[in-house]
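Engineer: I need the structure of the sequence given here:
(one chain, ligands or ions: 1)
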Amino acid sequence: MVAELSAELIAQVQQAAQLLRSAKRICILTGAGISAESGIPTFRDKQTGLWEKFRAEDLASPVAFARDPKLVWSWYQWRRQLVHDKAPNPAHRALAQWQSASASVQQHITLITQNVDDLHEQAGSEAVHLHGHLWKNRCSQCDSVYEDDPNAKDKPLDFDEQLIACPQCGDYIRPDIVWFGESLPVAAWQTAEEAAADCDIFMSIGTSSLVYPAAGLAQLAKQNGAQIIEINPNPTPSTVVDLTLAAKAGAVMPVLIDKVINKSDK
Ligand code: APR
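Structural biologist: The predicted structure follows:
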């Protein structure tokens, strides 16, 4: 694996590993880029097929759902179909391995994700979801959880585009996802803010860092003295980043985590 990385990148990975080995508290924020190598398009990739004339921002909003609930529900059913057979990639697995080894290397890791897929959990991680869950639904009016979820992972898959009426109040069921213009879940955001404000190293993996408030976590960490490491093949213009690994997360994370956990410098 190391042989596939350039000499410059290997040197940067060594530097990142050194920083991470000396850190006690690490806060990690992941975005759509970490799931890209699992075959899930990122948000700012051009939409494909039926949906190419829409922008994600124009579908993922309460205004869009109020205007045309069928259109928005159909888009999420399409996204569910796209995601349901996708599996964690080496970046998800490396993070899970690090989390499970963290106690033995005396580190505290908080993994925060903007992703609504469950690939971190499938890999064995515990993650704080800032933007909700693709596989959960709730009522758009009374907020009750829609338990009889035909898309639950353990049920036969059903990507029916028909809208569902809430059994409690009759209004439409919507995906349990934080849309543009909506507040983040309070407990998840509090955990994220606390972890960012109290970490030695903040890692930003596979996010364009464009969508706030999540994008502000790196700044919060920096203000509180943390060093910031970014992993992204297209580095962001963020001015708070101390070290950039300009590579795909799936290529670099297994090498980096091996160096952190096993203290290997090969
Ligand atoms: N490894 C690491 N990063 C990658 C990879 C990869 N293999 N492939 C792409 N990337 C990077 C891209 O260069 C880009 O900077 O991942 C980033 C993905 O950016 P976005 O599509 O903007 O995703 P994200 O930052 O998660 O979006 C934030 O916006 O639309 C909303 O709610 C949605 O959670 C989402 C939020």
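
Engineer: ok, longest strand in this protein?
Structural biologist: strand 132-139 (DSSP state E).

Engineer: any residue of that one touching the ligand?
Structural biologist: No. Strand 132-139 is not in contact with the ligand by C-beta under 6 Å from any ligand atom; minimum separation 8.6 Å. C-beta here means a position set from N, CA and C on the backbone, and glycine is covered the same way.

Engineer: looks to me like Ile228 is in a strand.
Structural biologist: Yes. Ile228: assigned to a strand according to DSSP: H, G, I helix; E, B strand; the rest coil.

Engineer: thought it was touching Leu217?
Structural biologist: No. Between Ile228 and Leu217 no contact is recorded; they are 10.0 Å apart, counting by C-beta atoms under 8 Å.

Engineer: ok, those two, which is more surrounded?
Structural biologist: Per other C-beta atoms under 10 Å, whichever of Ile228 and Leu217 has more neighbours is Leu217, with 26 against 22.

Engineer: which SSE is the more buried one in?
Structural biologist: In this structure, Leu217 is located in helix 217-223 according to DSSP states H and E.

Engineer: quick one, phi psi at Ser74?
Structural biologist: The phi and psi values for Ser74, taken as degrees, to the nearest 10, are phi -60, psi -40.

Engineer: so who does the residue nearest to it when sequence neighbours are not counted touch?
Structural biologist: Leaving aside its chain neighbours, Ser74 sits nearest to Glu161 (4.3 Å; criterion: C-beta to C-beta, 6 or more residues apart in numbering). Glu161 makes contact with Lys70, Trp73, Ser74, Gln77, according to C-beta atoms under 8 Å, 6 or more residues apart in numbering.

Engineer: return only those of the residues you listed found close to the ligand.
Structural biologist: Applying C-beta under 6 Å from any ligand atom, the subset of the contacts of Glu161 adjacent to the ligand is empty.

Engineer: for PyMOL, what selects the buried ones among those?
Structural biologist: PyMOL command restricting the contacts of Glu161 to the buried ones, with burial defined by 16 or more other C-beta atoms under 10 Å:
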select buried, resi 73+74+77
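
Engineer: tell me which two of the contacts of Glu161 sit farthest apart.
Structural biologist: Spatial extent of the contacts of Glu161 (C-beta to C-beta) is set by the pair Lys70 and Gln77 at 10.3 Å.
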